[in-house]
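In: Generate a structure from the sequence data that follows.
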Amino acid sequence: MKFSYVKQYGCSMPIIPVKLRRGELIVATEALVDSGAGSCIFDAQFADVLGIHDITEGGIQVVFEGVSGHTIVGYRHDVALEIGGRVFSNISIAFSEQMPDNATNILGQLGFFEICPIKFTYQKREVDIMTGSIR
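Out: Purely as a prediction, here's the structure:
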């Protein structure tokens, strides 16, 4: 599944449309495909839509540190992730109430890159999420 980069903050970035699913609940949003991120992290508002009203309950606490040294706390929950019509179940995504207002959701190594190969072609401003899952 190939996706074109999106212009954001003056540069082209691999931001793709995604859906998060939990049971019958679904929320659509966008996320940055970030090979430098160790894990997936989304704003807590999406957890709430999925019926996870208290992200601390049943979640595994993780601490994220950005390049500026700023840290935020998130809580991992397993949800389904839909990309281009393909659904990947039991994806570990951390939800945080501390995401900055202008932050983009992140698809990182743990939870995303571990399930399928990803190919970035910057010259074409394109990211390819390979259809052959490795798990």
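In: ok, now which ones touch the spatially most central residue of the chain?
Out: Nearest residue to the geometric centre of the chain (C-alpha atoms, centre = their mean): Leu107, 3.2 Å. Counting by C-beta atoms under 8 Å, 6 or more residues apart in numbering, Leu107 makes contact with Ile16, Val18, Ala31, Leu32, Val33, Asp34, Ala37, Cys40, Phe113. C-beta: built from backbone N, CA, C; applies to glycine.
In: Take those and lay them out in JSON lines including neighbour count.
Out: Output for the contacts of Leu107, formatted as JSON lines (neighbours: other C-beta atoms under 10 Å):
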{"residue": "Ile16", "neighbour count": "20"}
{"residue": "Val18", "neighbour count": "21"}
{"residue": "Ala31", "neighbour count": "24"}
{"residue": "Leu32", "neighbour count": "18"}
{"residue": "Val33", "neighbour count": "22"}
{"residue": "Asp34", "neighbour count": "21"}
{"residue": "Ala37", "neighbour count": "19"}
{"residue": "Cys40", "neighbour count": "26"}
{"residue": "Phe113", "neighbour count": "19"}
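In: From the residues you listed, pick the one nearest Phe64.
Out: Here the nearest of the contacts of Leu107 to Phe64, counting by C-beta to C-beta, is Ala37; it sits at 8.2 Å.
In: Quick check: phi and psi on the residue nearest to the closest one when sequence neighbours are not counted?
Out: Excluding the flanking residues, the one nearest Ala37 by C-beta to C-beta, 6 or more residues apart in numbering is Gly108, at 3.1 Å. Per-residue torsions, Gly108: phi -110, psi -170 (degrees, to the nearest 10).
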